[in-house]
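Novice: Generate a structure from the sequence data that follows.
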Amino acid sequence: MTRFPRTLAPPVVVGVAVLLLWQSVVVAGRIATFVLPSPVAIAQAFGTVAGDVVQAATATGTTAFTGLVAGSLAGVVAALLAARLRLFDEVLSPLSAAANAMPIIALAPVFNAMFGSTSPVPRRLVVAVAVFFPLFVNTARGLRRIDPVHAELMRSLAVSGWAVTRYVRLPGAVPFAFTGLRLASSLSVIAAVVAEYFGGRQDGLGSRITSAASATAYPRAWSYVLGAVALGLVFYLVALLLERLLSPTTLTRRPS
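Specialist: Okay, here's the model as predicted:
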């Protein structure tokens with residue numbers, strides 16, 4: 001019971017110290033309020049628009065979740081094919097690297113032109129492309145790492161390649177896949193918010209941030225930024241919880 005407070009105390013203390021320093025600097029006039037509002041002003045604005053922040057976070061979260069699921073499934077399937085078939089590996093690896101190098105701000109306008117800015121498809125596609133690379137790379141890395149003893153045993157039993165993948169490679173790749181999922185969980189929220197900057201339905205956090213900033217309501221804009229941060233943390237914590245529940249070490253652990 002004492003371990004949790006000890007783990008939680010350092011970030012809480014540092015966070016409070018940063019907020020106090022931030023408030024002091026802004027109050028002292030060292031930073032203009034239109035550049036960086038004070039934490040008190042942001043908290044007051046957040047209290048005023050809390051309901052709207054939740055509503056916008058729900059819309060952004062739906063986009064991020066849909067894209068995360070689609071991109072994760074595509075990344076895992078592509079990793080399975082790349083680990084099993086050399087041709088797919090030679091084709092998918094450079095394509096995934098190219099997709100990862102492509103900036104989100106370049107994809108969003110293109111997808112809006114292809115599918116229409118009022119459709120939710122462009123934003124979800126942006127998220128799916130963004131999360132594909134972490135899932136593909138980490139899962140493929142796990143699938144390629146197999147214990148030589150297990151590989152020799154499977155060969156001696158004349159087990160097919162797909163059976164080896166199912167019973168040996170996949171269980172060993174689960175921790176790697178969850179590493180990719182943890183990276184992709186927060187990235188999905190970032191991608192969804194950025195995609196909302198480029199038109200479409202004005203119901204997400206990204207559009208709310210740009211609208212508030214253009215109206216010089218900077219504390220309100222930071223309130224929506226705070227909502228995006230909270231949403232990203234929720235996605236990350238859910239991914240971490242799934243890893244704890246579904247990882248092989250947890251499933252095989254027996255009570256003492």
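Novice: Leu92 is in contact with Ala82, isn't it?
Specialist: Yes: with contact defined as C-beta atoms under 8 Å, Leu92 reaches Ala82; the gap is 5.0 Å. (Glycine included, C-beta is placed from N, CA and C.)
Novice: Neighbour count: these two, which is higher?
Specialist: Under the neighbour definition other C-beta atoms under 10 Å, Leu92 and Ala82 were set side by side, and Ala82 has more, 23 against 20.
Novice: Give the closest residue to the more buried one in space, chain neighbours not counted.
Specialist: Excluding its sequence neighbours, the residue lying closest to Ala82 (C-beta to C-beta, 6 or more residues apart in numbering) is Asp89, at 4.0 Å.
Novice: and what of Val225?
Specialist: Nearest to Val225 is Ile209, by C-beta to C-beta, 6+ apart, at 6.2 Å.
Novice: so the one you found makes contact with Tyr224?
Specialist: Yes: under the criterion of C-beta under 8 Å, Ile209 makes contact with Tyr224 at 4.7 Å.
Novice: the longest helix in this protein is where?
Specialist: The longest helix of the chain (DSSP state H) is helix 50-84.
Novice: That helix packs against which elements?
Specialist: If contacts are counted by 3 or more C-beta pairs under 8 Å, 6 or more residues apart in numbering; DSSP states H and E, helix 50-84 sits against helix 86-101, helix 121-144, helix 170-195, helix 205-214, helix 218-246.
Novice: more neighbours, Ile209 and Tyr224?
Specialist: Taking other C-beta under 10 Å, Ile209 and Tyr224 do not tie; Tyr224 has more neighbours (28 against 22).
Novice: Can you tell me how far that one is from Val49?
Specialist: Distance, Tyr224 to Val49, by C-beta to C-beta, to the nearest Å: 8 Å.
Novice: Within its local environment, how many residues does Leu19 see?
Specialist: 14.
Novice: quick one, what contacts it?
Specialist: Contacts for Leu19 (C-beta atoms under 8 Å, 6 or more residues apart in numbering) come out as Pro39.
Novice: For Val13, see how far away it is.
Specialist: Taken as C-beta to C-beta, the span from Leu19 to Val13 is 11 Å.
Novice: next one: Leu135
Specialist: 35 Å.
Novice: With Leu237 instead?
Specialist: Taking C-beta to C-beta, one finds Leu237 at 21 Å from Val13.
Novice: and if you look at Ile42?
Specialist: Counting by C-beta to C-beta - Ile42 and Val13 are separated by 20 Å.
Novice: which of these two has more neighbours?
Specialist: Neighbour count, other C-beta under 10 Å: between Ile42 and Val13, Ile42 has more, with 20 against 10.
Novice: What residues does the residue nearest to Ala221 when sequence neighbours are not counted make contact with?
Specialist: Spatially, and ignoring its direct neighbours in sequence, Ala221 is nearest to Ala212 (3.8 Å; C-beta to C-beta, 6+ apart). Residues counted as contacts of Ala212 (C-beta under 8 Å, 6+ apart) are 218, 220-221, 223-224.
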